[in-house]
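**Q** show me how the following folds:
(4 chains)
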There are 2 protein chains.
Amino acid sequence: MDEPRWLNETEMAAWRGFVAATNLVARRLERQLKDDAGLSHTQYEILVQLSAAPAGSLRMTDLADRLVTSKSGLTYQVTQLEKAGLVARRSCPSDVRGVFAELTEQGWQALRAAAPGHVAAVREALIDVLTPEQLAALADTLGTVADRLRAADA
Amino acid sequence: MDEPRWLNETEMAAWRGFVAATNLVARRLERQLKDDAGLSHTQYEILVQLSAAPAGSLRMTDLADRLVTSKSGLTYQVTQLEKAGLVARRSCPSDVRGVFAELTEQGWQALRAAAPGHVAAVREALIDVLTPEQLAALADTLGTVADRLRAADA
DNA sequence: CTCGTAAGGTTCAAATTTGAACCATCCGGC
DNA sequence: GCCGGATGGTTCAAATTTGAACCTTACGAG
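**A** Numbers count the residues shown, from 1 in each chain, chains lettered A, B, ... in the order given. Below you'll find the predicted structure:
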C-alpha cells in the first residue's frame, strides 16, 4: 500500500500526448486505408510484413509476433485475406502443425497499389509534421520502448 | 501519379517504432486494467476525463471528442459503466437533446482504486524507461502531432 | 414566424477482437 | 522407444467497435 508515484507535469504531458496521438493517428490511417484500398490497417500490416519476409511468406506465429495481435485475431484476418485472394496458406514441410501465410501475386499488386497512398497519409499525419531532429529522437525513444516491451513479453 | 516520397531510414524507424510501441503499450495497459480493476482502457479513460471535468460530468459529444472514439462507441461504453453503477446519465437543462455523463460516488471510488496500479503500469511501460530529456521531447513531439490532427479533424 | 439544415444521441447490423478451450504434433529426458 | 509437457493453429462464444440510418431538437436566414 505504498503511496503511488503520480506523474509530474512533463510525464503527464508525455502520457496524454502518447494516448491522444496514438488514437488519432490510428483512426486517421484506418480510414485512409479503408477508403482508398479497402483494407484495414491490420490487413495492410500483414501484407507489409509478408512482403518484407523471404519468399513473401511467414509462419503464423512469427507473423502474429510482428504484428501485435492475438493468435486468433491473426487467424481471422488471414482467412479474410485468403478469401480476398491476397494471401494463401501453405503447410510447413518441416512441421506438420505449422502454417505459412504467403503473399499471392494479387497480394503483391494490392500492396503496391495501396502503399503510395498510405505513405502519403503517414507523412501527413506524423512524419512531415516533425523536424528531422524530432524524428530521430522519436525513432530512438519509441524503438527503446518497443524493444523493452517485446523483451518483457518473452 | 507522382512518384511517392518513400520514407527514408530514420522516418521508417520512427514510424515502425510508433506502430509497435503504440500496440505494445496499449496491449499491456489493457490487460493490466482488466486484470486489476475490471475496466477496459476506454472505460478507464472515460472515468479519468469525467473526473477532470467540473462536477465530474461532461456532455456526451464533448466526452467523445476527448477520448478518441465514435459516438456510438461512447454510447455503448457509457451504458456499460451505467450498468456497473460508475456513471450516471443526466439530461441537460439548457438543451433537451443533450446528455451529461456524470461520475457517481462509486465511480470516484473505482477510479481512486484503479489509479495507482494504472500509473505504475504506465511508468513501467513507458515513463520510467525514458530519460527526462527523452520524456520532455516526447511530450513536445506527440503534443504537436495530436494538436495538428485534432485541428485537422475540426 | 417558418423553413431547411445542422447538431446531439441512440439504435442497428456487420465486422473485429480477444481469451479460453481444444486438438494434434513435437521434443527432451529417462 | 515412451511419456509429459510445450508449441502451433483453429474454433468458439462473448465483448467491443464502427458507420450509417434515424429521430428529435436547435437555430439562423429570410
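**Q** near DNA strand C, which residues of chain A?
**A** A:40, A:42, A:69-73, A:76-77, A:80, A:95-97 (C-beta under 7 Å from any atom of the strand). No exception for glycine: its C-beta is placed from N, CA and C like everyone else's.
**Q** mind putting the residues you listed in CSV, secondary structure, distance to B:D35 and pLDDT included?
**A** As requested, the residues of chain A next to DNA strand C are exported to CSV (DSSP: H, G, I helix; E, B strand; the rest coil; distance: C-beta to C-beta, whole Å; pLDDT from 0 to 100):
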residue, secondary structure, distance to B:D35, pLDDT
A:S40, coil, 27, 95
A:T42, helix, 24, 96
A:T69, coil, 19, 92
A:S70, coil, 16, 93
A:K71, helix, 19, 95
A:S72, helix, 19, 96
A:G73, helix, 19, 96
A:Y76, helix, 24, 98
A:Q77, helix, 26, 97
A:Q80, helix, 30, 97
A:D95, coil, 33, 94
A:V96, coil, 35, 94
A:R97, coil, 30, 94
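**Q** just put those in JSON lines and tack on distance to A:Q106 and neighbour count.
**A** Listed next are those as JSON lines, based on distance: C-beta to C-beta, whole Å; neighbours: other C-beta atoms under 10 Å in any protein chain shown:
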{"residue": "A:S40", "distance to A:Q106": "17", "neighbour count": "15"}
{"residue": "A:T42", "distance to A:Q106": "18", "neighbour count": "18"}
{"residue": "A:T69", "distance to A:Q106": "23", "neighbour count": "19"}
{"residue": "A:S70", "distance to A:Q106": "26", "neighbour count": "11"}
{"residue": "A:K71", "distance to A:Q106": "25", "neighbour count": "12"}
{"residue": "A:S72", "distance to A:Q106": "25", "neighbour count": "9"}
{"residue": "A:G73", "distance to A:Q106": "23", "neighbour count": "13"}
{"residue": "A:Y76", "distance to A:Q106": "20", "neighbour count": "13"}
{"residue": "A:Q77", "distance to A:Q106": "16", "neighbour count": "20"}
{"residue": "A:Q80", "distance to A:Q106": "14", "neighbour count": "16"}
{"residue": "A:D95", "distance to A:Q106": "27", "neighbour count": "9"}
{"residue": "A:V96", "distance to A:Q106": "28", "neighbour count": "8"}
{"residue": "A:R97", "distance to A:Q106": "27", "neighbour count": "7"}
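**Q** most widely separated two among those?
**A** For these, the maximum inter-member distance is 30.8 Å, found between A:S40 and A:V96 (C-beta to C-beta).
**Q** follow-up on the earlier one: nearest to B:Q106, of the residues of chain A next to DNA strand C?
**A** Out of the residues of chain A next to DNA strand C, the member with the shortest distance to B:Q106 (by C-beta to C-beta) is A:S70, at 31.7 Å.
**Q** quick one: residues contacting the closest one.
**A** A:A64 (C-beta atoms under 8 Å, 6 or more residues apart in numbering or on different chains).
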